[in-house]
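Fold the following for me, if possible:
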Amino acid sequence: MTAAENVCYTLINVTSDSEPPSEVSLKTDLEKGEIKAKTEALKKVIIMILNGEKLPGLLMTIIRFVLPLQDHTIKKLLLVFWEIVPKTTPDGKLLQEMILVCDAYRKDLQHPNEFIRGSTLRFLCKLKESELLEPLMPAIRACLEHRHSYVRRNAVLAIYTIYRNFEHLIPDAPELIHDFLVNEKDASCKRNAFMMLIHADQDRALDYLSTCIDQVHTFGDILQLVIVELIYKVCHANPSERARFIRCIYNLLQSSSPAVKYEAAGTLVTLSSAPTAIKAAAQCYIDLIIKESDNNVKLIVLDRLIELKEHPTHERVLQDLVMDILRVLSTPDLEVRKKTLQLALDLVSSRNVEELVIVLKKEVIKTNNVTEHEDTDKYRQLLVRTLHSCSVRFPDMAANVIPVLMEFLSDTNEAAAADVLEFVREAIQRFDTLRPLIIEKMLEVFHAIKTVKIYRGALWILGEYCSTKEDIQNVMTEVRRSLGEIPIVDNEIKKETGEVKPEDEVSATPAQKLVTEMGTYVTQSALSSSRPSKKEEDRPPLRGFLMDGDFYVAASLATTLTKLALRYVDIVQDKKKQNSFVAESMLIMVTVLHLGKSSLPKKPITDDDVDRISLCLKVLSECSPLMNDIFNKECRKSLSHMLTVRLEEEKLSQKKESEKRNVTVQADDPISFMQLTAKNEMTSKEDQFQLSLLAAMGNTQRKEAADPLASKLNKVTQLTGFSDPVYAEAYVHVNQYDIVLDVLVVNQTSDTLQNCTLELATLGDLKLVEKPSPLTLAPHDFANIKANVKVASTENGIIFGNIVYDVSGAASDRNCVVLSDIHIDIMDYIQPASCTDAEFRQMWAEFEWENKVTVNTNITDLNEYLQHILKSTNMKCLTPEKALSGFCGFMAANLYARSIFGEDALANVSIEKPIHLGPDAPVNGHIRIRAKSQGMALSLGDKINLSQKRANV
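Residues are numbered from 1 along each chain as shown. This is a model prediction of the structure:
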């Protein structure tokens, strides 16, 4: 048995390099030393006994020379000593010397100092020998009437543990404690006494509670917590008692203690599903989130609110509290805000959407005024997405939202602006009535857009949806304003040669003399060095993008101008105006082409962009009806189709969620009448206190382990061979952040093996918590050794080691059996997760570790291979089903997962079916994995390599 499994109350840290003293020197110090020397000697004795040393010769010395001392430090150390020292002979009988110890403790229980009395009572809670406790019972009872609360509360605990372990020593304990509780005034004493009654005699506890149920709100928080626990347990076991205590729980929601409010709200939800009860509990949770400063507490309580929402009958009650929930947005933590916005979005309805939008608009405006913080941009993005979702679900809101959001197109944060642009694109396509408003706002902010990606998107929207003569001319004006004077090349060359306008001139500072390598003097004018920065500042936005070599925006501009020109030709009948507009559009394209071919930009134009601009020039020179259809109708059809598919997907996922939450009751389900139900049938819900205790101890039942036989046996690893003198196998139990190795060790020889020790070491991000203690194994005997390993990150870890032992009676050196390696499976830490396409791309660009795995499999079907990879890696496919459906020779899919440590793992599957090799040819291609840490990327790659091939059944 390891130290962690022993019932251990006292843990003492020992320096490993200290040398153990001899028994003789300790005896001398204990007999003749000063108080300080005796204290040090006693500490050393305690440490030696904890390390497994047997010191029987010192027992009588300590009783004679140390026990009578009145020094408080020594008395405290003696309590530790008597707790750990062996008190019985090998055959189980109590040592004679312990009678003297018992007498000393009887005197301590009558000591005038309350600290000595209280600490002695605490020590008695740890004793497991009834013969030692029996003579002390009158003194323990007397301590219940001591003037000091420290003594009284420890006396209650001592009586409780003695009653629980040896009921015959104090059979009237519940009655005694009940009488004590009625007359007691101190909160901590009342709490201990009430807790004892809950576990020892629940009826008496209920009797006491009934007498003071109206005063519960005046009690201290520690007593209130115990009362909540009692009410929960009683009502869980006997639901007919609910009506009696529900008022008390309501009162406790107003407690000044956050812990009491939290427990009371949780208990109220389990006791009643009435809308008033749910509303009171939810309101209590919201107050807790707002008032508590710890973000972890906020997240835990938010989870409780989300759990409430999952219940269909509770959801309507929570919908009325959406505005209260939004008060949580005042918290600066991004994770809390994210959960709050998601919860509010799930609860929004036509009744409260208007108020929600007003609050979110205010929040968006606030983010604009805040000094830039790294989370401000992300929060703004979250708000934009939430407003986007509201507008999609409630189209009437779009007109209120769009003017506020359009301001953010000129934002320097590209991510937030991109979200706004996506929202605007969807709104302008779906809501015809809003088109004039959107175009007007877009033209207002167009010149202020700072990033090329947003500029490109804005150009596309203006080109696609401007349908009146005035709008088309306004767009052309804005484009000319953004380009500056044309032809661009001539204008730029003039500036380079110094033929600049008066406002662009730079005042020259005194010339500076420089010496060249050859030793001659040259003069450098300050004019030329300062001009470029000034010139770049003055450049219009579009010209700036082109001079930086970003000609993709030029291709987009060409398409936009072509669409506008073709539409202008249809609208305006005047041939002169038609030709003038088309010529102006062509001039802009040609000047951009000329600029791209010149040496002025930082990067030359690409061939693709040249082809695109040339194509647009050709289309404008011919103006054929076919091209008109392609540019002005087919583009919009494609967008419409994409948005329809996306909307269908969203509706499908919402439908699946609502189906999950709907409580389906079959027609032939039995009706349960509370009055006719047996008590043991009422356990419809698990005991929450029991569940939380099990979760803390790591004993949670995993739902996925459907086959109980398979679940455990699959994780047994054989460590040695069957012919080895010591056979060992390990069951690896993974519980989130720790791994427990339960190693079965079997002695296969006819010898007694002494000091049989399991020596372990780890590789990777694993840490061995403690060294397993040595065992003695009889011939053909077996034993279980447990070892705890802590895990710090998602990485393939290896545990290796050996078993060393001595053979009884043999003179040879220690024997050693080397163990097989235990590989810790990364899959225990990886869980499927979701993210948007934009987030996936952003993470893909940010993560620096990439692992490229070549597909090597015997699977011949693309879809089957993808499903096999998803199953073996615990990842989720982000690519929609529609994109993967159908028969094709190739497939590309994005996968995503997150570890329990919060690490992200991305994968891109790019596979094809080589048709030329016949129908039975296996799938080939690559899987690229990206992660923030090297360990994660490598471990996931290894896992895919190991499980790529389908096992032959």
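
Quick one: the helices in the stretch 351-500 of the chain, in order.
Under the criterion DSSP state H, counting those that start in this stretch, the stretch 351-500 of the chain contains helices at 353-369, 374-393, 398-406, 414-430, 435-445, 452-465, 469-483, 488-497.

Please work out which residues outside the shortest one touch it.
Residues outside helix 398-406 that contact it (C-beta atoms under 8 Å, 6 or more residues apart in numbering): 357, 361, 364-365, 384, 387, 390-391, 420, 423-424, 427, 431, 433-434, 437-438, 441-442, 444-445. Using the backbone N, CA and C atoms, a C-beta is placed for each residue, glycine as well.

what is the mean pLDDT for it?
What helix 398-406 shows for mean pLDDT is 77.

same question, the fourth one
The average pLDDT for helix 414-430 rounds to 78.

Which pLDDT does the model give residue 665?
pLDDT, residue 665: 58.

one step back: can you flag the buried ones in the contacts of helix 398-406?
Buried members of those, counted by 16 or more other C-beta atoms under 10 Å: 357, 361, 364, 384, 387, 390-391, 420, 423-424, 427, 431, 434, 437-438, 441-442, 445.

Give me the distance between residue 577 and residue 114.
Here the criterion is C-beta to C-beta, to the nearest Å. By it, residue 577 lies 103 Å from residue 114.

got it, and residue 25?
36 Å.

can you check residue 594 too?
Taken as C-beta to C-beta, the span from residue 594 to residue 114 is 97 Å.

and what of residue 590?
99 Å.

Same list, the helices of the stretch 351-500 of the chain, but as a markdown table with distance to residue 563 please.
Shown next, in a markdown table, are these (distance: least, C-beta to C-beta, whole Å):
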| stretch | distance to residue 563 |
| --- | --- |
| helix 353-369 | 32 |
| helix 374-393 | 26 |
| helix 398-406 | 21 |
| helix 414-430 | 14 |
| helix 435-445 | 14 |
| helix 452-465 | 4 |
| helix 469-483 | 9 |
| helix 488-497 | 22 |
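
nearest to residue 901, of these?
helix 374-393 (20.7 Å; C-beta to C-beta).

what angle separates that closest one from helix 414-430?
10 degrees (axes from the mean of the first three to the mean of the last three C-alpha atoms, to 10 degrees).

which strands and helices sit next to helix 374-393?
helix 334-347, helix 353-369, helix 398-406, helix 414-430 (3 or more C-beta pairs under 8 Å, 6 or more residues apart in numbering; DSSP states H and E).

Serialize these to a markdown table and add fields for distance to residue 233.
Formatted as a markdown table, the helices and strands packed on helix 374-393 follow (distance: least, C-beta to C-beta, whole Å):
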| stretch | distance to residue 233 |
| --- | --- |
| helix 334-347 | 30 |
| helix 353-369 | 40 |
| helix 398-406 | 50 |
| helix 414-430 | 50 |
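
Nearest to residue 248, out of those?
Of those, nearest to residue 248 by C-beta to C-beta is helix 334-347, at 29.4 Å.

buried stuff in the closest one?
In helix 334-347, counting by 16+ other C-beta under 10 Å, buried: 334, 336-337, 339-341, 343-347.

Check stretch 739-758 too.
In stretch 739-758, the ones that count as buried by 16+ other C-beta under 10 Å are 739-743, 745-747, 751-754, 756-758.
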